[in-house]
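Trainee: I'll drop the sequence and a predicted model, then ask my questions.
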Amino acid sequence: MAQKEKLLTLAIETSCDETSAAVTENGRDVLSNIISSQIETHKDYGGVVPEIASRHHLRDINRVVDKALEEAGKTMDDMDMIGVTYGPGLVGALLIGLATAKAYALAKDIPLVGVNHMHGHICANYIEHRDLAPPFTAIIVSGGHTDLAEVTGYNSCRILGCTRDDAIGEAYDKVARVLGLGYPGGPAIDELAKKADPERIKFKRVFLEKGSKDFSFSGIKTAVLNYMNTERQVGREPDVAHVAAGFQEAVLDVIVTKSVETALERKDKKLVMAGGVAANSRLREMLKKKCEDEGIKLYYPSPVLCTDNGAMIGCAAYYKYITEGPDGLDLDGVSGLSL
Ligand code: KG4
Ligand code: ZN
């Protein structure tokens with residue numbers, strides 16, 4: 001479907017609390033990747049407030065797009081297509097990105113390509129790992145999802161298991177709130193746990209039924225809360241760092257075990273990790289060790305490409321466009337879109 005040798009994409013990502021735009025060339029080459037984070041604003045509320053997120057996207061999106069073009073040394077006239085996240089995510093936030101993308105596509109008469117945000121997370125790995133090619137097993141760990149998937153092609157994948165309740169990032173954020181560590185909880189727990197003993201306080205590992213590839217992380221928040229309350233009732237002030245490390249070890253143990261078991265079962269020699277929680281230092285360390293032991297090659301992106309960004313959307317848009325072609329301008333935001 002691609003007519004030119006080099007396809008330039010302007011990619012837009014506004015699914016949650018990062019307003020991002022990137023210019024990518026043929027998917028894997030990133031010319032610019034501008035990310036405007038709203039974390040400082042949402043911190044005051046202890047989590048992302050959807051209406052505020054939408055307003056910030058609306059305020060920032062044109063500036064972020066202009067900066068992405070400027071940094072890439074390009075103009076809108078150089079763009080061959082527009083890639084945009086259309087789900088999953090906060091619907092009001094998605095609509096800002098979609099409306100912007102549609103306006104550019106219409107004004108410049110270039111194709112519009114809607115991207116599944118979770119597919120974008122997987123594609124972040126193609127940008128930095130030039131040798132990576134499907135098929136492989138993928139584990140996507142983010143604030144809204146925990147998905148185990150088989151990736152069969154650059155534009156095709158299938159979910160093998162997912163969370164039945166809270167996502168892993170959500171568990172980090174909720175436990176951090178219980179521990180008084182603020183938002184976002186993931187990086188705070190990651191840092192604090194480095195100074196503590198993960199074996200001192202043990203929390204239950206939830207593996208579900210034998211052979212299940214699903215996850216469940218809602219119970220551990222209550223377990224942490226109960227532990228804190230019980231300690232205080234007997235007059236002991238809990239050591240927050242040890243609690244954080246114990247929580248982290250319990251959830252990561254499940255993620256690592258299930259991911260590697262799935263790759264082994266599928267006889268995949270490649271395991272790809274993606275999503276915001278993939279930035280976690282302990283998860284990287286644990287998964288690396290387990291993969292080395294089992295002879296599996298592990299891939300994950302550098303932290304800037306783990307959290308939400310436009311470059312991963314540009315990469316996914318390219319692969320979708322060359323296999324499926326463009327979307328219509330009637331493309332809608334789908335908050336609950338699955339892989
Ligand atoms: O992928 P992402 O940027 O947004 C979604 O698509 O949800 O992921 C955000 C999540 C948040 O829950 C945040 O706490 C978590 O990723 N996170 C981390 C770390 N950095 C971000 N969790 C654990 N350790 C980290 N270092
Ligand atoms: Zn994400």
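Mentor: Thanks, I have it. Ligands and ions are numbered 1, 2, ... in the order given.
Trainee: Tyr300: what's it in contact with?
Mentor: Neighbouring residues of Tyr300 by Cβ atoms under 8 Å, 6 or more residues apart in numbering: Asn125, Val272, Met273, Ala274, Ala278, Arg284, Leu287, Cys306. C-beta coordinates here come from the backbone N, C-alpha and C atoms, glycine included.
Trainee: wait, Phe207
Mentor: Applying Cβ under 8 Å, 6+ apart, the residues contacting Phe207 are Val254, Thr257, Lys258.
Trainee: switch the cut-off to 10 Å
Mentor: Asp214, Phe215, Ser216, Asp253, Val254, Thr257, Lys258, Glu261 (Cβ atoms under 10 Å, 6 or more residues apart in numbering).
Trainee: again with Ala11
Mentor: 20-24, 30, 32-33, 65, 68, 79, 81-85, 97, 101, 113, 115, 120, 309-318.
Trainee: how much space between the residue nearest to the spatial centre of the chain and ligand 2?
Mentor: Centroid-nearest residue in the chain, with Cα atoms, centre = their mean: Gly275, separated by 2.6 Å. Separation of Gly275 from ligand 2 (Cβ to the ion, to the nearest Å): 6 Å.
Trainee: measure that residue to ligand 1 for me?
Mentor: Going from Gly275 to ligand 1 by Cβ to the nearest ligand atom, to the nearest Å gives 4 Å.
Trainee: show me the strands in the protein, by range?
Mentor: 8-13, 18-25, 29-37, 81-87, 112-116, 136-141, 146-153, 156-162, 270-274, 297-299 (DSSP state E).
Trainee: pLDDT (mean, whole number) over the first one?
Mentor: When you say that, I think you mean strand 8-13. Strand 8-13 carries an average pLDDT of 98.
Trainee: just the pLDDT at whatever residue of the stretch 101-250 of the chain ends up closest to ligand 1, thanks.
Mentor: Relative to ligand 1, the nearest point of the stretch 101-250 of the chain is Gly186 (2.0 Å; Cβ to the nearest ligand atom). As predicted, Gly186 sits at a pLDDT of 96.
Trainee: contacting residues around it?
Mentor: Counting by Cβ under 10 Å, 6+ apart, Gly186 has contacts 141-143, 168-173, 175-176, 248, 276-277, 279-280, 283, 307.
Trainee: show me the contacts for Glu285.
Mentor: Leu252, Val256.
Trainee: next, count neighbours for the one residue in the stretch 201-339 of the chain that gets nearest to ligand 1.
Mentor: Nearest to ligand 1, among the residues of the stretch 201-339 of the chain, is Gly276, at 2.1 Å (Cβ to the nearest ligand atom). When neighbours are counted by other Cβ atoms under 10 Å, Gly276 registers 26.
Trainee: so what's it up against?
Mentor: Applying Cβ under 10 Å, 6+ apart, the residues contacting Gly276 are 16, 18, 121, 140-145, 167-169, 172, 184, 186-187, 303, 306-308.
Trainee: buried ones from those, can you make that a ChimeraX selection?
Mentor: To isolate the buried members of those in ChimeraX, using 16 or more other Cβ atoms under 10 Å:
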select :16,18,121,140,141,142,143,144,145,167,168,169,172,184,186,187,306,307,308
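Trainee: quick one: pLDDT of Thr41?
Mentor: 89.
Trainee: get me the contact residues on the stretch 201-339 of the chain for ligand 2.
Mentor: Asp308 (Cβ under 5 Å from the ion).
Trainee: before we move on, the earlier item: just the buried residues of the contacts of Phe207.
Mentor: Looks like these have Asp214, Phe215, Ser216, Asp253, Val254, Lys258, Glu261 buried, using 16+ other Cβ under 10 Å.
Trainee: is it true that Ser281 touches Leu192?
Mentor: No. Using Cβ atoms under 10 Å as the test, Ser281 is too far from Leu192 to be in contact (11.6 Å).
Trainee: of those two, who's got more company?
Mentor: Neighbour totals were compared for Ser281 and Leu192, and Leu192 leads with 19 against 13 (other Cβ under 10 Å).
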